[in-house]
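S.K.: Based on what follows, work out the 3D shape:
(one chain, ligands or ions: 1)
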Amino acid sequence: MSERKFFVGGNFKMNGNKSSLADIVANLNKIDCPNTDVVVAPPSIYLQYLSASITNQVKVASQNCYKVAKGAYTGEISPDMLKDMGIEWVILGHSERRHVFNESNELIGQKVKHAVESGIKIIPCVGEKLDEREAGVTENIVFEQMEMIKNNVSDWSGVVIAYEPVWAIGTGKTATPDQAQEVHDKIRKWLAKNVSDEVAATTRIIYGGSVNASNCKELAKCKDIDGFLVGGASLKPEFNDIVKANA
Ligand SMILES: O=C(CO)COP(=O)(O)O
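M.R.: As a prediction, this is how the structure comes out:
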């Protein structure tokens with residue numbers, strides 16, 4: 001049994017409105033899972049709405065933030081602002097940020113650095129595209145992304161790594177438990193070699209990509225899968241079952 005606390009994140013992406021989020025919150029408020037960290041990330045305009053209406057231990061995360069504290073950066077929000085509003089977590093480097101909004105590995109590194117230094121907890125995401133997996137370079141891509149994260153993390157205690165193979169996101173094509181475990185194991189060994197044995201042993205590595213109530217239990221059995229980052233299914237009542245995947 002891993003000593004790492006199970007972690008389940010829900011990434012709502014650009015979905016939801018006051019009415020649907022009220023239903024989602026009613027569902028989230030039924031979660032009673034002290035042995036699991038649960039963190040949900042609504043669109044930023046609803047961060048406050050969610051954090052004000054959640055009544056249990058579920059935490060709220062931003063889906064993104066910028067690399068400096070304040071200034072002339074129209075449309076951006078900073079880790080300081082998130083903290084000011086009581087938000088403790090931020091997702092960084094999600095594949096949609098990387099591939100839809102062309103965020104470079106370098107920019108993600110800068111965001112990671114600033115967020116960690118600002119004292120906010122981060123969920124940096126890594127993962128290969130389909131052509132990269134097919135070309136046999138999954139490891140190179142993931143390690144390159146990990147290198148950028150490592151170079152910018154001064155304190156690993158508030159870091160949860162999300163492995164999200166791009167080909168599995170929103171496609172219904174989940175990585176098999178073996179496929180996911182193989183990459184999680186490689187990331188953990190990479191952390192041992194490049195950071196420290198302690199960081200490798202204690203850092204949660206969560207899987208994302210078409211996780212749902214039917215496939216989560218098998219994935220959760222894998223030794224190096226410490227939880228999930230859930231997209232589509234986090235908008236549905238089945239999210240509560242995913243939270244209990246390791247029970
Ligand atoms: O991108 C994801 C979570 O961040 C995964 O999305 P889906 O669960 O919809 O595939």
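
S.K.: roughly how far apart are K83 and the ligand?
M.R.: Distance of K83 to the ligand, given as CB to the nearest ligand atom, to the nearest Å: 22 Å. Heads up, the C-betas are built off the backbone N, CA and C, glycines and all.

S.K.: Look at the nearest residue to that residue once chain neighbours are set aside and say how many residues are nearby.
M.R.: Once flanking residues are discounted, K83 sits nearest to I120: 5.8 Å by CB to CB, 6 or more residues apart in numbering. Neighbourhood size, I120 [other CB atoms under 10 Å]: 22.

S.K.: gap between the residue in the chain sticking out farthest from the centre and the ligand?
M.R.: Here the chain reaches farthest from its C-alpha mean at A72, the gap being 27.8 Å by CA atoms, centre = their mean. Between A72 and the ligand the computed distance is 30 Å (CB to the nearest ligand atom).

S.K.: Tell me which residue of the protein lies closest to the ligand.
M.R.: For the chain, the residue closest to the ligand is G231, as judged by CB to the nearest ligand atom, at 2.1 Å.

S.K.: For that residue, give me its contacts.
M.R.: Contact analysis of G231 by CB atoms under 8 Å, 6 or more residues apart in numbering lists 11, 13, 169-170, 208, 210-211.

S.K.: Mind naming the longest helix for this protein?
M.R.: For the chain, the longest helix by residue count, based on DSSP state H, is helix 177-194.

S.K.: So what's the gap between that one and the chain middle?
M.R.: 16 Å (CA atoms, centre = their mean, to the nearest Å).

S.K.: SS state for L229?
M.R.: State at L229, reduced to three classes by DSSP: H, G, I helix; E, B strand; the rest coil: strand.

S.K.: The ligand contacts on this structure?
M.R.: Contact residues, the chain versus the ligand (CB under 6 Å from any ligand atom): 11, 94, 164, 169-170, 208-211, 229-233.

S.K.: rewinding a little: counting contacts, what elements does the longest helix of the chain pack onto?
M.R.: helix 138-150, strand 160-163, helix 197-202, strand 204-208, helix 216-220 (3 or more CB pairs under 8 Å, 6 or more residues apart in numbering; DSSP states H and E).
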